[in-house]
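Peer 1: have a look at this fold, sequence not included:
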C-alpha cells in the first residue's frame, strides 16, 4: 500500500479521541473510525501512523501499524460483543499448561519450582484451584474452578480481553494470561515461564533455528499486548 498522508495527529471526536491522517480519520476494516479514550494511547497510535512508510508516496505495510491492529480488534470486534472472546479464552481452563507435568523427575522439579507459585496464585486470588496430571493424560478440572476462571475472564474490559486473546494461546496457560493482564507478570516473564519444557529440552538437544524464530514472533505479540494495556490504562 502507498502512504497517502503527510501528517498523523490526534483530535477530539465523538466517542473519544481520533487519529487523523491529513484531517481524515483512520478507518477500521469494518468501516468505523478509530476512537480511543486515553491521550497516551491516541498519541502512540498517531506516532505509529506518522512513522508508517516513512513519507507520503512510499510503501507501507500492515506490519507497520501493529498497535492499530490490536486496538482496532478491541474496538471493532471485542467491545461490541465480548461473549465469543470470553468463551474462547475460558476454554483454556480445561487444559492449562501449568497442570501437565513431565514424567522426567528432573524436569518435573523445575516445573514445580516455576509453575506451582502460579497455581497457588490461581487458587488464592481467583478461587480456582487446579489439579495436576503427569505425562499427557488429560485431567478434568473441577467445574467450580473452571467457572471461577471464566468469571475472571468475563470481568476483563475489551483491551484486557484482546490482550488475553493475543497471549493465552501461545502461552498455553489461562492462569499465566490472567496473571499477565492483572499486572502480576510482565510479558517477558510470562513467556519465559511458559517455555520451561522447551528450555530444558534444549539443554540436551540444542537450539532449533525455527523454534527460535517462532519464539521471537510470539514474544513480539505478547510485548505488543503489554504495550497496548499499559497505554490504555494511563489516565486520559
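Peer 2: Right, received. Where do you want to start? Note that this is a predicted model, so its numbers are computed, not measured.

Peer 1: which residues touch the least confident helix or strand in the chain by mean pLDDT?
Peer 2: Scoring the helices and strands of the chain by mean pLDDT, DSSP states H and E places helix 196-205 at the bottom, with a mean of 89. Counting by C-beta atoms under 8 Å, 6 or more residues apart in numbering, the neighbours of helix 196-205 from elsewhere in the structure are 102, 106, 107, 110, 111, 114, 115, 208, 211. Just so you know, the C-beta spots here come from the backbone N, C-alpha and C atoms, and that holds for glycine as well.

Peer 1: try 7 Å this time
Peer 2: With C-beta atoms under 7 Å, 6 or more residues apart in numbering as the contact definition, helix 196-205 has outside contacts at 102, 107, 110, 111, 114, 211.

Peer 1: do stretch 142-153 as well
Peer 2: In this structure, residues lying in contact with stretch 142-153 by C-beta under 7 Å, 6+ apart are 86, 89-90, 93-94, 126-130, 164, 174, 178.

Peer 1: mind doing that once more with 8 Å?
Peer 2: 86, 89-90, 93-94, 122, 126-131, 161, 164, 174-175, 178.

Peer 1: between the contacts of helix 196-205, which sits nearest residue 224?
Peer 2: Nearest to residue 224 out of those is residue 211 (C-beta to C-beta; 20.5 Å).

Peer 1: what angle separates the host helix or strand of that closest one from helix 196-205?
Peer 2: Under the criterion DSSP states H and E, the helix or strand holding residue 211 is helix 209-233. Going by axes from the mean of the first three to the mean of the last three C-alpha atoms, to 10 degrees, helix 209-233 is angled at 150 degrees with respect to helix 196-205.

Peer 1: what bridges to the residue nearest to residue 136 when sequence neighbours are not counted?
Peer 2: Once flanking residues are discounted, residue 136 sits nearest to residue 100: 7.0 Å by C-beta to C-beta, 6 or more residues apart in numbering. Applying DSSP bridges to residue 100 gives these bridge partners: residue 133.

Peer 1: residue 119 versus residue 30, what's the distance?
Peer 2: 39 Å (C-beta to C-beta, to the nearest Å).

Peer 1: pLDDT wise, what is the closest residue to residue 222 other than its chain neighbours at?
Peer 2: Leaving aside its chain neighbours, residue 222 sits nearest to residue 187 (4.4 Å; criterion: C-beta to C-beta, 6+ apart). In this model, residue 187 is scored at 94, pLDDT.
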